[in-house]
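In: The following comprises the amino acid sequence and a computationally predicted model.
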Amino acid sequence: MIRRLGALLAGLLVAATGYAFLPLGSFWESATMEFVTGDLCDTGVFPATPGDCSGDADNPDWSAEFVTALERWNSVVDRFNFTSDGGGVGDATAICELGDFFNPNSNSAFFDTQFCGSEFGETTLAVSRSTVTAKDERTLRNIVVFNSVFDWGAYDGANQFIPDDFRRVAVHEQGHSLGLGHSTIDDDPEPIMTASVGDTTAPQPDDLLGLDYIYGPQHNDLDKDLVHDVLLRHNADGRFVLHRLASRGLASTDLVGVNKKTFWSTVATNDFDGDGGADIMLRHTDGRWRLYLTDGPAIKDSGLIDLKKSPNWQAVAVADFDGDDDSDVLLRRTDTGKWRVTTLAGLATEKDRAVSMRQSLNWDYVGVGDFDRDGKADILLRNTVTRRWRLYFMNGTSISDEKSVDLPANPDWNPVAVRDFTGDGRTDVLLRHSNTGRWKLFELRGSTVVQKGQVALKQNLNWELQSNADMNFDGRADVLMRNKVSGDWRLTYLNGLAVVDDWMVPLKTNLNWAIAGVGYFDRNLTPDILLRNTDDGRWVVYYMERYEFADDEYTTDINESKSLPMKQSAAWQPAFTEPL
């Protein structure tokens, strides 16, 4: 018999889908939650609880074991923190009551023969239910109910089935509490979030990719509230100003204490210290580099960082090459073509070394992405003469492998997006033909092309790509285009080669209005669209909201548009560097 693991989101069963991690669409706004665990051992209120919680081999202390499971998340996740309280609600009716949203003792776990009055499935071991806000999908509370019909124990190693292991089931259900759905990726070891219990006892790489997708890193979120901010710089006097956005509006406008001298230019607004918020990297015309670690508009720390100072060394990419959640820097020398990777931990340089990639200046940088799903950014190059492609798999400052990639050598096919279009956690490559306007997607597994074909996107060359963000938060990149003649906008949601949905988006068509960014400008984890008028400097944001129109297929619509009272003078220009 296959034991199943359950997840409920606002009372609705969430089924597994055919790609890797599945974000349920909900999240904890503070990136932390507290479980009360006393109900797991309250045999008076919950008589179906197995044993007496004495803590010996035959009677595990379920409360302590639940905390052990929480620590398996805390030990590998920096961007979210579980805490626990040994108390309990002590009332099954109160726990299952959905109205008590803000009771600090609301997040509970317990054993029962039913799930809050409903029958468990015949093979369902446990169910997690989150109550979320309808407007922005913030999680308000969560409960986990274990099916007492089964024989339970607590152990590691291979799953024995009789008894079933409480620890790994608890880790799985806590993953649902975080906002993760079921994974169907074929990994070894398999993710803890697969729908059926197996031998995995702790979070695996695919599970962690899912959490990064929900909780960060946020390249343009300086105050770590999961809402992207707008950082501007005055091009005459060098001042930086931070417009902090809140749910459906502007929260504050603050000057940022970054060097104002215009000899310093912005290089990157990435997370360099792993705290989940963006930091600011500048470079001087003399080659020096300076990093500001931020907390909203405040500067936590700053200092010069040890990167190559010769102006011939230019930053090509800022990405996480060593998988530690801190951004690193890929440099290239403009005269010799040499490459260098510097891995950073805040202001400190961890490693700095030359990288043996193709030095001929005929080799151009195309993009970075995680092509092998190891949590580390890899580097794709293309030769401008032969049009051949080369992929370098990175492990910090070292190349773990390099491969040719069977992408078109025809010079008319040019890369327009290096993103994950299939939702398997691996980066793919979208190309467009410069003469015909046709689009072709190459789905990659490492350097191997597993599927390729044309994508039904607008071929008229007047239609230009504006963003390839995941616009419906299904784990797959999409395509937002604009007609440069008519000003019309079109949004196409993709599932690999297949078009899931396609619609004309009623954004401003006047060509004075240009896209300024796509980001999470409210708290519903559906990307929104920010426009700026190039004539008068006005700003308008379109808040998007997703809805399910078929099984596990999502589209979005404009929920609201709003003018934002941000700096309008043409002297104020965007200083953020990372698109969504």
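Out: Structure received.
In: Ends of stretch 425-435, what's the gap?
Out: Stretch 425-435 has an end-to-end distance of 31 Å (Cα to Cα, to the nearest Å).
In: Let me fix that, I meant to ask about stretch 488-501.
Out: 17 Å.
In: Could you do stretch 269-281 as well?
Out: End to end - Cα to Cα - stretch 269-281 spans 6 Å.
In: Which pLDDT value belongs to residue 139?
Out: As predicted, residue 139 sits at a pLDDT of 80.
In: what about it, helix or strand, and which?
Out: strand 139-147 (DSSP states H and E).
In: what helices or strands is that strand leaning on?
Out: Under the contact criterion of 3 or more Cβ pairs under 8 Å, 6 or more residues apart in numbering; DSSP states H and E, strand 139-147 touches strand 108-112, strand 124-132, helix 166-178. Where C-beta positions appear, they are placed from N, C-alpha and C, glycine not excepted.
In: next helix or strand past the first one?
Out: This means strand 108-112. The first helix or strand that comes after strand 108-112 along the chain, using DSSP H and E, is strand 114-115.
In: what is the mean pLDDT for that next one?
Out: Strand 114-115 comes out at a mean pLDDT of 90.
In: Which per-residue confidence value corresponds to residue 102?
Out: pLDDT, read off for residue 102, is 51.
In: Also residue 80?
Out: Confidence score, pLDDT, at residue 80: 78.
In: Excluding sequence neighbours, find me the nearest residue to it.
Out: Excluding the flanking residues, the one nearest residue 80 by Cβ to Cβ, 6 or more residues apart in numbering is residue 31, at 5.0 Å.
In: Give me the buried positions along the helix or strand encompassing residue 541.
Out: Assessed by DSSP H and E, residue 541 sits inside strand 539-550. Residues of strand 539-550 classed as buried by neighbour count (16 or more other Cβ atoms under 10 Å): 539, 540, 541, 542, 543, 544, 545, 546.
In: elements contacting the helix or strand following it?
Out: Counting by DSSP H and E, the next helix or strand C-terminal to strand 539-550 is strand 553-564. If contacts are counted by 3+ Cβ pairs under 8 Å, 6+ apart, strand 553-564 sits against strand 249-256, strand 489-495, strand 498-505, strand 539-550.
In: out of the ones you listed, which comes closest to residue 96?
Out: Of all the helices and strands packed on strand 553-564, strand 539-550 sits nearest to residue 96, with 25.1 Å by Cβ to Cβ.
In: Next, the angle strand 249-256 makes with that closest one.
Out: 130 degrees (axes from the mean of the first three to the mean of the last three Cα atoms, to 10 degrees).
In: For strand 539-550, give me every contacting residue.
Out: Where contact means Cβ atoms under 8 Å, 6 or more residues apart in numbering, the residues beyond strand 539-550 that reach it are 25, 245, 248, 471-473, 501, 505, 507-508, 513, 516, 521-522, 524, 526-533, 554-564, 566, 568.
In: Quick one: mean pLDDT over it.
Out: For strand 539-550, mean pLDDT is 90.
In: Please apply the same query to stretch 89-98.
Out: Rounded mean pLDDT across stretch 89-98 is 72.
In: what do you get for stretch 330-349?
Out: pLDDT averaged over stretch 330-349 gives 97.
In: Tell me, how many residues neighbour residue 409?
Out: 12 (other Cβ atoms under 10 Å).
In: Excluding sequence neighbours, find me the nearest residue to it.
Out: residue 387 is the one closest to residue 409 (Cβ to Cβ, 6+ apart), at 4.1 Å.
In: could you list every residue that touches that neighbour?
Out: Counting by Cβ under 8 Å, 6+ apart, residue 387 makes contact with 408, 409, 410, 411.
In: Double-check that the last one belongs to a helix.
Out: No. Secondary structure of residue 411, determined by DSSP: H, G, I helix; E, B strand; the rest coil: coil, with no helix assignment.
In: For it, give its distance to residue 386.
Out: Per Cβ to Cβ, to the nearest Å, residue 411 is found 10 Å from residue 386.
In: What helix or strand is the residue lying farthest from the centre of the chain located in?
Out: Relative to the centre of the chain, and counting by Cα atoms, centre = their mean, the farthest-placed residue is residue 44 at 42.5 Å. In the assignment (DSSP H and E), residue 44 maps to no helix and no strand.
In: ditto for residue 532
Out: Per DSSP H and E: strand 528-533 holds residue 532.
In: Tell me how far that strand lies from the chain's centre.
Out: 21 Å (Cα atoms, centre = their mean, to the nearest Å).
In: Does the residue nearest to the spatial centre of the chain fall in a helix, a strand, or a coil region?
Out: In the chain, the centroid-proximal residue (Cα atoms, centre = their mean) is residue 213; its distance is 1.8 Å. Following three-state DSSP, residue 213 is assigned to helix.
In: ok, how many other residues are close to residue 431?
Out: Count around residue 431 with other Cβ under 10 Å applied: 21.
In: and residue 63, that's in a helix?
Out: Yes. Judged by three-state DSSP, residue 63 forms part of a helix.
In: What is the burial count for it?
Out: The number of residues near residue 63, taken as other Cβ under 10 Å, comes to 22.
In: Keeping just the C-alphas, turn the strand holding residue 532 into PDB.
Out: Extracted C-alpha coordinates of strand 528-533, given in PDB (Å, rounded to 0.1, in the frame of the first residue of the first chain):
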ATOM      1  CA  ASP A 528       3.100  43.200 -11.000                       C
ATOM      2  CA  ILE A 529       4.000  45.500 -13.900                       C
ATOM      3  CA  LEU A 530       5.500  49.000 -13.300                       C
ATOM      4  CA  LEU A 531       5.400  51.600 -16.100                       C
ATOM      5  CA  ARG A 532       7.000  55.100 -16.200                       C
ATOM      6  CA  ASN A 533       6.200  57.900 -18.500                       C
END
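In: pLDDT below threshold where in the stretch 151-300 of the chain?
Out: Along the stretch 151-300 of the chain, segments meeting pLDDT under 70 span 216-218.
In: hey, where'd the helices end up in it?
Out: 166-178, 205-215 (DSSP state H, counting those that start in this stretch).
In: How about the stretch 1-150 of the chain?
Out: 62-74, 92-96.
In: Summarise which helices and strands the longest one is packed against.
Out: Think helix 62-74. On a contact count with 3+ Cβ pairs under 8 Å, 6+ apart, helix 62-74 meets strand 81-85, helix 166-178.
In: before we move on, back to that, as TSV, the helices of the stretch 151-300 of the chain with distance to residue 108 would be great.
Out: Below are these laid out as TSV (distance: least, Cβ to Cβ, whole Å):
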stretch	distance to residue 108
helix 166-178	11
helix 205-215	22
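In: Can you tell me which of the ones you listed is most buried?
Out: Comparing those by mean neighbour count (mean count of other Cβ atoms under 10 Å), helix 166-178 comes out on top with a mean of 25.
In: what's the angle from that helix to strand 108-112?
Out: 130 degrees.
In: counting contacts, what elements does helix 166-178 pack onto?
Out: Using 3+ Cβ pairs under 8 Å, 6+ apart: helix 166-178 touches strand 4-9, helix 62-74, strand 124-132, strand 139-147, helix 205-215.
In: centre of the chain versus it, how much separation?
Out: 20 Å.
In: Return that helix as PDB; C-alpha atoms alone will do.
Out: This file holds the C-alpha atoms of helix 166-178, laid out as PDB (Å, rounded to 0.1, in the frame of the first residue of the first chain):
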ATOM      1  CA  PHE A 166       6.500  10.300  12.300                       C
ATOM      2  CA  ARG A 167       9.600  12.500  11.700                       C
ATOM      3  CA  ARG A 168       9.700  12.400   7.900                       C
ATOM      4  CA  VAL A 169       5.900  12.800   7.600                       C
ATOM      5  CA  ALA A 170       6.100  15.800   9.900                       C
ATOM      6  CA  VAL A 171       8.900  17.400   7.800                       C
ATOM      7  CA  HIS A 172       6.800  16.900   4.700                       C
ATOM      8  CA  GLU A 173       3.700  18.500   6.300                       C
ATOM      9  CA  GLN A 174       5.800  21.400   7.600                       C
ATOM     10  CA  GLY A 175       6.900  21.900   4.000                       C
ATOM     11  CA  HIS A 176       3.200  22.500   3.200                       C
ATOM     12  CA  SER A 177       3.100  24.900   6.100                       C
ATOM     13  CA  LEU A 178       5.900  26.900   4.400                       C
END
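In: That concludes my questions; thank you for your assistance.
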